[in-house]
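**Student:** Need a 3D model of the following:
(2 chains)
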Amino acid sequence: MRLFIAVFVLLVAVHCEELFNGDQVLRIHAESKDHIQVLKELEKDVDSGLDFWTHGFSTERPVDVRVPHASLYAVKDFLKENNISFAVMINNVQELLDRERAEMVSNTEMERNTKSFNFAAYHDLDTIYSFMDTLVASHSNLISKVKIGSTYENRPMYVLKFSTGGENKPAIWIDAGIHAREWVSHASAVWIADRIATDFKENRAPVPDVLSKMDIYLMIVANPDGYVFSHLTVRPFHRLWRKSRSVTSNPNCPGVDLNRNFDAEFSGPGASDDPCAEDYRGPSAHSEIEVTNIVDFILSHGNFKSFMTLHAYSQLLMYPYGYTGSNAPDQPELHDVATQANKALNSWHGTIYKVGSIFHTIEQASGASVDWAYQHGIKYCFAFELRDTGEYGFLLPADQIVSTARETWFALRYIMQYVSDHPY
Amino acid sequence: MAKPVENPCVRAYYGVTVSLRGGGATEQNRNCSRRELCVSTLLLQTLMNTFLHATELEMATGELVPTHFPARRAAKVAVHYLNTRHGSPFRVFGLQQVHKATAEDVDAGGRKYSLDFSATEWARSKSVFRCSAVVLFSTAQKTPPDVQLQCEDLQQINTTPQEEAFYHRYSTSDSPVSALDIPDSHGNMSQEMEPFWHLAGVSASFIMLRESSENTEFNMAQVASVTQQETSEKQLMLKYHLLLHDFVSQEILHWQLLSSWSPERGVRVLETQFLPKCPQATGPPSSTPDQ
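**Tutor:** Numbering: from 1, shown residues only, chains lettered A, B, ... in the order given. From the prediction side, this is the model:
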């Protein structure tokens, strides 16, 4: 037995380049207890060589299994005989692996240029700002860093501009980190910035096409003061800070919820007038300098066609309105786009997001950025709540950053392509 | 409604900017100074009332959209209940998704939700379980929701060996466990701490169940501290300081609790204490606060 294993391992080592050629990954939908029983029998059958990627069978979610090429017909026949429906998720695993490896190699090269930046870790503000500079330096033909103002504590607020040139092209806005504790949003934005740059450099669709027609503005840290505060270890409980760090009418309770401070039904329900509250809206609309900076920039640009904001957590993909339950005029189209984007998001890791308006999906919220953007004529507005659904909540393990960023990117990419294909 | 000065409150992350305070006083002290009045549940109730008064939101009745918040909030309450009944250091449940939900007003003055949903076991198996539940929210103040729940195939997950080993290891150890910040800021924790984290989640479920209404949505955000207590009983006795997150108000709620667990008796929460943030008043206690 040991000799067999040794030889097998040797053969695997020698042939590992081509081990998965022609293998497929099937997505199986078990619809009854009988089906589940059948799958359990299949799983027990070691000789079949089936590699189950999903463990714990249920009728509630699909089961993914890699089927070796040699067993493909037998397994598919078997499933059909048992009336179990399935779809081919990956047509040729080897092909996918080759592509991934090529991507990893180019990513490694990329990392050397962005000074071996570790995307699978949370970084403090200085490190993120330094990453931005490196990214700009490595892609100076595409990316520039725009300062749109300063924060309450006088830190610069930067937006990365991805542009292939032209004067005031229609543009897409993406921001992250407006709430300090939602660290995976900043971390995902960092990865996404790098991904846009790489996709452009490697001519990977749809990025070059999108950038030929539109500019992309990406603000990785929309609330720098709050983010710095959430990194302080001097005193306890800083990590869960949400708001800005401005002084309020209550000297014991600084900070305003920036995403309740926009001039969109400001002072309506769904925000607090108590400075000590986490969703304190501030003394007046746009009282916060961070919000004014964003508002002024977008209004003076005047040609934004899409506004998207990244938050965490809950796994939701939403559109306006937050302040009311009535449908936005573009609701059917927005819902369609969000639904398709959600499919793209789900396709890689199987993560389940829910789609709907902010009001219906989370709760009533007034003074929200996407409502403001929508009311200013920017049609394609979306708000993301990234991973997870409460297991780790705000303290999402760093080893989930890249998967989260990647699935979010798949959704963003879909939306960006749609927006650039539907000028208005 | 002021409470005696002895009650502790949390000097949670208000922290006035350092430049305004001379002397670099540390804020590790979580007890209030003599001058400050700590109001125990006033903050919680004020927030709830502000929200309830302000929304003028009519709660949906009849068939509910499963992806919308009313169904989800009710389902999460059912999952809290599930954890109180079946949770352990190696078994914690989370809501996966709602399939079907209805809501109706009830004669006695309450709201009844009927739910069909799936729960994921987060700790070990990652298995998914189909459940049905009836959740009854009472409009009377301070009444916890009533839950009736059935889930399929729960007996499938067998965690007895791990539980026995874990119980034996820590009930016979000479050095009581003590730890802070689980998980840490980066979402990490040692493997050794995982069962304590799960136990915290189960213990938190007792509180989250009790405190839930149609206008809350709780998750446990972090274990601020866990300290094993000496006991002569055949239980693991753990003192926790937990941070709960209410998704609706976005507040972080500090609770201290004493929890016991053994493989035979499961999790029991013996004492709970809410730690309000302090202080809230904008002026001296005698004046009425601004609105």
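**Student:** alpha carbons only for contacts and neighbour counts from here, please
**Tutor:** Noted.
**Student:** What parts of the stretch 51-200 of chain B come near chain A?
**Tutor:** Selection of the stretch 51-200 of chain B residues close to chain A by Cα under 8 Å from any Cα of the partner chain yields B:51, B:54-55, B:67-69, B:94-95, B:118, B:122, B:125-130, B:183-188.
**Student:** Among the residues you listed, which are located in strands?
**Tutor:** B:94-95, B:118, B:128-130 (DSSP state E).
**Student:** Between the residues you listed, which sits nearest residue A:86?
**Tutor:** The shortest approach to residue A:86 among these belongs to residue B:128, at 19.6 Å (Cα to Cα).
**Student:** Secondary structure element holding the nearest residue to that closest one once chain neighbours are set aside?
**Tutor:** Nearest residue to residue B:128, sequence neighbours excluded (Cα to Cα, 6 or more residues apart in numbering or on different chains): residue B:120, at 4.4 Å. Assigned by DSSP states H and E, residue B:120 falls within strand B:110-121.
**Student:** Can I get that strand in PDB, CA atoms only?
**Tutor:** Once non-C-alpha atoms are left out, strand B:110-121 reads as follows in PDB (Å, rounded to 0.1, in the frame of the first residue of the first chain):
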ATOM      1  CA  GLY B 110     -48.500  41.500  19.500                       C
ATOM      2  CA  ARG B 111     -47.100  40.400  16.200                       C
ATOM      3  CA  LYS B 112     -46.800  36.800  15.100                       C
ATOM      4  CA  TYR B 113     -44.300  35.700  12.500                       C
ATOM      5  CA  SER B 114     -44.400  32.300  10.800                       C
ATOM      6  CA  LEU B 115     -41.100  31.500   9.200                       C
ATOM      7  CA  ASP B 116     -39.500  28.900   6.900                       C
ATOM      8  CA  PHE B 117     -35.700  29.400   6.900                       C
ATOM      9  CA  SER B 118     -32.300  27.800   6.800                       C
ATOM     10  CA  ALA B 119     -29.700  28.000   9.400                       C
ATOM     11  CA  THR B 120     -26.000  27.300   9.000                       C
ATOM     12  CA  GLU B 121     -23.900  25.700  11.700                       C
END
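**Student:** so after the helix or strand bottoming out on mean pLDDT in chain B, what's the next helix or strand?
**Tutor:** None of the helices or strands of chain B scores lower by mean pLDDT, DSSP states H and E than helix B:42-55, at a mean of 47. Using DSSP H and E, the helix or strand that follows helix B:42-55 towards the C-terminus is strand B:62-64.
**Student:** Would you mind listing the buried residues in that following strand?
**Tutor:** Within strand B:62-64, the residues scored as buried using 16 or more other Cα atoms under 10 Å in any protein chain shown are residue B:64.
**Student:** Next: stretch A:47-56.
**Tutor:** Residues of stretch A:47-56 classed as buried by neighbour count (16+ other Cα under 10 Å): A:50, A:52.
**Student:** Can I get that stretch in PDB, CA atoms only?
**Tutor:** Only the C-alpha atoms of stretch A:47-56 are listed here, as PDB (Å, rounded to 0.1, in the frame of the first residue of the first chain):
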ATOM      1  CA  ASP A  47     -13.000   4.900  -6.300                       C
ATOM      2  CA  SER A  48     -15.100   7.300  -8.300                       C
ATOM      3  CA  GLY A  49     -12.400   9.900  -7.800                       C
ATOM      4  CA  LEU A  50     -15.200  12.500  -7.200                       C
ATOM      5  CA  ASP A  51     -13.900  15.600  -5.400                       C
ATOM      6  CA  PHE A  52     -16.800  17.300  -3.500                       C
ATOM      7  CA  TRP A  53     -16.200  21.000  -3.000                       C
ATOM      8  CA  THR A  54     -19.300  21.400  -1.000                       C
ATOM      9  CA  HIS A  55     -19.700  19.500   2.300                       C
ATOM     10  CA  GLY A  56     -22.900  19.000   4.100                       C
END
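**Student:** What pLDDT is listed against the residue of the stretch 151-291 of chain B found nearest chain A?
**Tutor:** Residue nearest to chain A within the stretch 151-291 of chain B: residue B:187 (3.8 Å; Cα to the nearest Cα). Note on residue B:187: pLDDT of 97.
**Student:** In contact with it, which residues?
**Tutor:** Counting by Cα atoms under 8 Å, 6 or more residues apart in numbering or on different chains, residue B:187 makes contact with A:392, A:395-398.
**Student:** Count the neighbours of residue 154 for me.
**Tutor:** Answering for chain A, as no chain was given. For residue A:154, the count of nearby residues is 11 (other Cα atoms under 10 Å in any protein chain shown).
**Student:** oops, I was thinking of chain B
**Tutor:** Using other Cα under 10 Å, residue B:154 has 15 other residues around it.
**Student:** Now do it against residue B:85, distance only.
**Tutor:** Per Cα to Cα, to the nearest Å, residue B:154 is found 11 Å from residue B:85.
**Student:** List the residues that contact residue 66.
**Tutor:** Picking chain A for this. Taking Cα under 8 Å, 6+ apart, we find residue A:66 in contact with A:23-26, A:50-53.
**Student:** please go with chain B instead
**Tutor:** By Cα under 8 Å, 6+ apart, the residues touching residue B:66 are B:72, B:97-101.
**Student:** how about the helix or strand hosting residue A:189: buried residues?
**Tutor:** Using DSSP H and E, residue A:189 falls within helix A:183-201. Neighbour-count burial for helix A:183-201 flags A:183-198, A:200 (criterion: 16+ other Cα under 10 Å).
**Student:** What segments of the stretch 51-200 of chain A are helices?
**Tutor:** For the stretch 51-200 of chain A, applying DSSP state H, counting those that start in this stretch gives helices covering A:72-81, A:93-113, A:125-138, A:183-201.
**Student:** which other residues reach the last one?
**Tutor:** In this structure, residues lying in contact with helix A:183-201 by Cα under 8 Å, 6+ apart are A:107, A:110, A:119, A:121-123, A:128, A:135, A:139, A:142-143, A:175-177, A:205, A:207-208, A:218-221, A:310-312, A:386-387, A:394-396, A:401-402, A:404-406, A:408-409.
**Student:** If we use 7 Å, what do you get?
**Tutor:** With Cα atoms under 7 Å, 6 or more residues apart in numbering or on different chains as the test, helix A:183-201 has contacts from A:119, A:122, A:176-177, A:207-208, A:220-221, A:310-312, A:396, A:401, A:404-405, A:409.
**Student:** The closest residue to chain B within the stretch 301-424 of chain A - how many residues pack around it?
**Tutor:** Nearest residue of the stretch 301-424 of chain A to chain B: residue A:397, at 3.8 Å (Cα to the nearest Cα). Residue A:397 has 20 neighbours, counted by other Cα under 10 Å.
**Student:** who's in contact with the residue in the stretch 51-200 of chain A that chain B sits nearest to?
**Tutor:** Closest contact between the stretch 51-200 of chain A and chain B, by Cα to the nearest Cα, is at residue A:56 (4.8 Å). Residue A:56 makes contact with B:126-128, according to Cα under 7 Å, 6+ apart.
**Student:** pLDDT score for it?
**Tutor:** 72.
**Student:** what's it sitting at in phi/psi?
**Tutor:** Main-chain torsions, residue A:56, degrees, to the nearest 10: phi 80, psi 90.
**Student:** Tell me how far residue A:406 lies from residue A:119.
**Tutor:** Distance of residue A:406 to residue A:119, computed by Cα to Cα: 11 Å.
**Student:** Also residue B:101?
**Tutor:** Counting by Cα to Cα, the gap from residue B:101 to residue A:119 is 40 Å.
**Student:** Which one's more surrounded, these two?
**Tutor:** The neighbour comparison of residue B:101 against residue A:119 (other Cα under 10 Å) goes to residue B:101, with 25 against 19.
**Student:** bridging residues for the residue nearest to residue B:128?
**Tutor:** Applying DSSP bridges to residue B:120 gives these bridge partners: residue B:94, residue B:128.
**Student:** what sits against it?
**Tutor:** B:93-96, B:126-129.
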